[in-house]
Each structure stands twice: as structure tokens, then as C-alpha cells.
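S.K.: no sequence for this one, just the structure:
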């Protein structure tokens, strides 16, 4: 492997390991680039058993289970949905 290929491999590995900031329900959340939906919710102080992570892109949505693996990109935006019955007051 020559020096250029080696440096590119190191740069790509470093990029994958860096923390990124995304938004969940308009709150900034910093997380490792590689994480799970449940870990990301927990970083925002949310219980993955009670909230579901959803990525909204235009008119499309993608729902994530707590164990789903994510590769985050800076500035990505997510919302959360309540899981299970909603109590009435």
C-alpha cells in the first residue's frame, strides 16, 4: 500500500469515528457517527421503549426500531413518535 492509499484509509476511518451533531425534535444531539436508533434517543434523554425515531425527508418518512444501526451525517433531522397507548387526562 502506498502512502496516499494509507492516508486515505486513515482519513476515512477517522471520519467514521468522529462525533456528529444531528437534531431530534429540534434539539441538537451529539453522537458518534455509527450508533443505533435507541442509543441516539437515549442521548437526547428519551426512552426508546416509549419513543420511536423517525427521519423525515420531504414527504417521505423512515421509522427506526431501537436496535437499527445508523450512520449519521452532520445536520440530519429526526422527529420522535410516542410508542404504545397515549394516556388521557
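M.R.: Cool, got the structure. All values derive from a computational prediction rather than experimental measurement. Residues are numbered from 1 along each chain as shown.
S.K.: how about the helices of this protein, start to end?
M.R.: Counting by DSSP state H, the chain has helices at residues 3-17, 37-43.
S.K.: Pick out the shakiest of the ones you listed, pLDDT-wise.
M.R.: Ranked by mean pLDDT, those end with helix 3-17 at the bottom, a mean of 58.
S.K.: among the helices and strands of this protein, which has the poorest mean pLDDT?
M.R.: helix 3-17 (a mean of 58; mean pLDDT, DSSP states H and E).
S.K.: wait, what's in contact with the residue lying closest to residue 23 once chain neighbours are set aside?
M.R.: Leaving out its chain neighbours, the residue that sits closest to residue 23 by CB to CB, 6 or more residues apart in numbering is residue 77, at 4.6 Å. (Each C-beta comes from the backbone N, C-alpha and C, glycine too.) Listed by CB atoms under 8 Å, 6 or more residues apart in numbering, the contact partners of residue 77 are 22-23, 55-56.
S.K.: what's the burial count for the nearest residue to residue 32 once chain neighbours are set aside?
M.R.: In space, and not counting its chain neighbours, residue 32 is closest to residue 19: 5.7 Å by CB to CB, 6+ apart. Number of residues near residue 19 (other CB atoms under 10 Å) recorded here: 11.
S.K.: wait, residue 19 sits on residue 30?
M.R.: Yes. Residue 19 lies in contact with residue 30 (CB atoms under 8 Å); the separation is 5.2 Å.
S.K.: Check the gap between residue 32 and residue 58 for me.
M.R.: Computed as CB to CB, to the nearest Å, the residue 32 to residue 58 distance reads 27 Å.
S.K.: likewise residue 81?
M.R.: For residue 81 relative to residue 58 (CB to CB), the value is 18 Å.
S.K.: of the two, who's got more company?
M.R.: Ranked by neighbour count (other CB under 10 Å), residue 81 and residue 58 place residue 81 first, with 10 against 5.
S.K.: And that one, how far from residue 63?
M.R.: Plainly put, residue 81 is 8 Å away from residue 63 if you go by CB to CB.
S.K.: shared neighbours of the two, anything?
M.R.: 52, 54.
S.K.: For the protein, give me the ranges with low pLDDT.
M.R.: For the chain, applying pLDDT under 70 flags the ranges 1-17, 86, 89.
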